[in-house]
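J.: using only what follows, build the 3D model:
(one chain, ligands or ions: 1)
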Amino acid sequence: MPPEVYLESPPNGDFRAMPARGEGFALLKWVTSFPHNSAHGLPVVTGALLLSDAGTGALRAIMDCGSITSLRTGAAAAVSAQVLAADGARSVGVIGCGVNGAWAARYLAAAGYGPGVCVHAVPEPAETLAEELGWRVGARGEAATQDVVVTVTPGEQPVVLGSDQRAGQHLAVLGADVAGKSEVELPVLERCRLFCDEWQQAAGGGELAGAVAAGLVSRDRVTQLGDVIAGRAEGRRSSEEVTLFDSTGLAIQDLGIAMAVYEAWRQGSVEAPAVAL
Ligand SMILES: NC(=O)c1ccc[n+]([C@@H]2O[C@H](COP(=O)([O-])OP(=O)(O)OC[C@H]3O[C@@H](n4cnc5c(N)ncnc54)[C@H](O)[C@@H]3O)[C@@H](O)[C@H]2O)c1
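T.: Numbers count the residues shown, from 1 in each chain. Model (predicted):
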């Protein structure tokens, strides 16, 4: 998986080209983040994903980026909680209940977490999500003090403050996925055990990017989640420490979901039209 390529589209957002190869397939995801689109009723994350046969180069499928991205982003948040949250952690705070926040909440619920507190900039998305999952709507400060806290906002202002921190929490920070976005106050970062999905991406454009640029966080302080899952690195060390997972989103995660969708189509459990190119 080479690093993703960013193409800025100021002042509205950016495009990303995300390639990955594995298990006999290769993919390219051409995807946006246009954070202000939702104010106009348009998706923040949109585009197309091309899935090819890695042996012949033949194009096998074209998939909708929004769906694949939501599925893998939500799954990454839940997996980070399963791997890093303290034993007995159950309650959830979701700050930002838009497309990807809602999927993070659904996956956490599916993994047995909850009930949760849902927070959004305007009431309706939080109310809808809370009703769907049997959770409740609350204030930002309430959500930020739950056992597992997921942030999926456009990253324009901190939504987890130093005063929110409680011993043993797990924070999954998803909204900041390009340089300049941030959801967590710097003193929180400085006190957490830090994890990320992939160091280069996180250091260059994730929640950690600001702290890395300021020289406050270096490579040796940050563990990749995959290394913990593979048994190559230590995860949580005590029930007291606060773990923070910085998710920037990886093409290899998209590949996992895209392969599953393709297989479901081959098995006949997903319908899709065949197109001649
Ligand atoms: N880490 C990843 O893998 C990944 C994947 C997809 C999207 N993202 C990022 O996540 C962010 C959200 O994406 P989305 O597709 O869910 O967008 P979305 O617009 O559907 O949801 C974000 C919502 O957050 C709300 N919001 C803004 N400020 C808030 C605040 N202070 N408190 C609570 N809610 C607030 C907005 O009203 C907005 O609707 C974007 O920055 C996007 O680039 C990250």
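
J.: taking the stretch 151-277 of the chain, what residue is nearest to the ligand?
T.: Gly249 (2.4 Å; CB to the nearest ligand atom). Backbone N, C-alpha and C define where each C-beta goes, glycine included.

J.: isn't that residue up against Asp197?
T.: Yes - assessed by CB atoms under 8 Å, Gly249 is found in contact with Asp197 at 7.2 Å.

J.: what touches both of those two?
T.: Ala76 (CB atoms under 8 Å, 6 or more residues apart in numbering).

J.: please list all residues in contact with Ala111.
T.: Ala78, Ala81, Gln82.

J.: check the residues you listed for burial and list the buried ones.
T.: Ala78, Ala81 (16 or more other CB atoms under 10 Å).

J.: need the residues of this protein near the ligand, please.
T.: 33, 35, 38, 44-45, 69, 73, 95-96, 98-101, 119-121, 152-155, 157, 159, 174-175, 177, 181, 247-249 (CB under 6 Å from any ligand atom).

J.: buried subset of these, written for ChimeraX?
T.: Selecting only the buried entries of those in ChimeraX, with 16+ other CB under 10 Å as the criterion:
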select :33,35,44,45,69,73,95,96,98,99,100,101,119,120,121,152,153,154,155,159,174,175,177,181,247,248,249
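
J.: tell me which of the residues of the chain next to the ligand fall in strands.
T.: Mapping the residues of the chain next to the ligand onto strands (DSSP state E) picks out Ser33, Ile95, Val119.

J.: ok, so of those, who is nearest Ala144?
T.: Minimum distance to Ala144 across those is 6.7 Å, recorded for Ile95 (CB to CB).

J.: state the pLDDT value of that closest one.
T.: According to the prediction, Ile95 has pLDDT 98.

J.: quick check: it touching Thr151?
T.: Yes - at 4.7 Å, Ile95 and Thr151 qualify as touching, with contact defined as CB under 8 Å.

J.: what do those two both touch?
T.: Val159, Val160, Glu183.

J.: let me have those residues in CSV, adding pLDDT and distance to Leu108 as columns.
T.: Shown next, in CSV, are the shared contacts of Ile95 and Thr151 (pLDDT from 0 to 100; distance: CB to CB, whole Å):
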residue, pLDDT, distance to Leu108
Val159, 98, 17
Val160, 97, 16
Glu183, 97, 17
